[in-house]
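Participant: Mind folding the following:
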Amino acid sequence: MALNIDPPASTFDSVKGSLNKHTIVNTTDKRHAFKIKCSNNLFYRVSSVYGFVDPNGKKPIDVHRLPGGLPGADRFVVQWAEVPAEESDPKAPFLAQAQSGEVVFNVTANPAAATTTAAPPAAEEKKE
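Facilitator: Okay, here's the model as predicted:
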């Protein structure tokens, strides 16, 4: 696989939102363009949707989970295409449908309250 993700998975706070850092790692001696897609664009943002990773290089990316929404699993797909050193537009290979591979990393959103004890329900007021 030309590109890998480190770490390959992460967990986010679905109540408060949170930020996790990942790294795209190029395991080849070729330059690659990448494109990041997400299964839930409503609650996730990524620092670089398109970019380049130099030969045997690394590209840090920030994945931000916005507060709210239901807990659960989502995934990011990092697509890549080998590009020449003179390529300046990271979108170009994907517009030309030159994608040569992809890697998936899974994310999970859990409520922070899941680790705390919930307060008992308030007593009902009786009306006579």
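
Participant: Every contact and neighbour count from this point should use C-alpha atoms.
Facilitator: Noted.

Participant: Who are the contact partners of residue 5?
Facilitator: By Cα atoms under 8 Å, 6 or more residues apart in numbering, the contact set of residue 5 is 22-25, 103, 105.

Participant: try 7 Å this time
Facilitator: 22-25 (Cα atoms under 7 Å, 6 or more residues apart in numbering).

Participant: Quick one: these as TSV, columns for neighbour count too.
Facilitator: Shown next, in TSV, are the contacts of residue 5 (neighbours: other Cα atoms under 10 Å):
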residue	neighbour count
22	18
23	17
24	21
25	19
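
Participant: Now intersect these with the strands, please.
Facilitator: If you go by DSSP state E, these have 22-25 in strands.

Participant: still on that earlier bit, among the contacts of residue 5, which one sits closest to residue 13?
Facilitator: Using Cα to Cα, residue 22 comes nearest to residue 13 of these, at 16.3 Å.

Participant: hmm, back to that, same list (the ones in strands among the contacts of residue 5) but as CSV, adding distance to residue 93 and pLDDT.
Facilitator: Formatted as CSV, those follow (distance: Cα to Cα, whole Å; pLDDT from 0 to 100):
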residue, distance to residue 93, pLDDT
22, 23, 97
23, 21, 98
24, 18, 98
25, 19, 98
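
Participant: Fine, thanks again, bye for now.
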